[in-house]
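Enquirer: using only what follows, build the 3D model:
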Amino acid sequence: MGLSIQTTPARISIETIDCKIERKSVNARLELKQKPPVVNIKTELPRVLIDQYECFAEEGLKNNIDLLKEQSENAYRHVMEYIARVSQDGDAMAKIGKKANIMIDIARRNSVTIHEFGMVTMPMSRPKIDVVGGTVEFDPEPINDIGMRNGVTATYIPPKTDFNYTPGKVNTRVESYGSIDIKYTGNNVDSYI
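Expert: The predicted structure follows:
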């Protein structure tokens, strides 16, 4: 007896698509803006004032007002000395009984000029030296509304994260079904005795 058996295996195709997670993120940021502090500084340079007027005045270099004062005082002194001398001469002449030649003494005294000499250094006074200025003033910028002089402002930008999820897939398809084909192939019977 003849049998023919033919089998066809089943074929299944499997296609897989992997799942995907895409992540895009932006980091958090802290933006700081700072206004630098301002300090206004005013400085006045020191100055040395030297007044040498007294030194020059002793040498004869005076302004008009002081020169007029000196000349008027000098004239006043000479007038007072002259008045005193004339009154002394008058008093001496009134006492003519004591001394007979008083007029000769007065004439001799008035004919001789007596000079007084001395040794001095010029100028005798020192110059006046004053130092003015040399000041430094600090003027800080006024305090602003947040109570700070330099005003720091901050802006916080939160982080941002975006997710994109693509799910995975499994596609299965039967390309061919399995089969068994059994055929009887003849009448031949082998028998053994």
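Enquirer: now the longest helix along the chain, how far from the centre of its chain.
Expert: Looking across the chain with DSSP state H, the single longest helix is helix 64-94. Distance, stretch centre to chain centre, for helix 64-94: 68 Å (Cα atoms, centre = their mean, to the nearest Å).
Enquirer: can you give me phi and psi for the residue sitting nearest the centre point of the chain?
Expert: Centroid-nearest residue in the chain: Val39, 5.6 Å away (criterion: Cα atoms, centre = their mean). Dihedral angles of Val39 (phi, psi; degrees, to the nearest 10) stand at phi -120, psi 120.
Enquirer: before we move on, what about Gly168?
Expert: With angles defined as degrees, to the nearest 10, Gly168 sits at phi -80, psi 150.
Enquirer: residues near it, how many?
Expert: 9 (other Cβ atoms under 10 Å). C-beta: built from backbone N, CA, C; applies to glycine.
Enquirer: number the chain from 629, please
Expert: Sure thing, new numbering starts at 629, so read that last one as Gly796.
Enquirer: relative to Thr800, how far out is the nearest residue to it once chain neighbours are set aside?
Expert: Nearest residue to Gly796 in three dimensions, chain neighbours excluded: Cys647, at 3.5 Å (Cβ to Cβ, 6 or more residues apart in numbering). Distance, Cys647 to Thr800, by Cβ to Cβ, to the nearest Å: 17 Å.
Enquirer: for Ile757, same thing?
Expert: From Ile757 over to Thr800 (counting by Cβ to Cβ), the distance is 111 Å.
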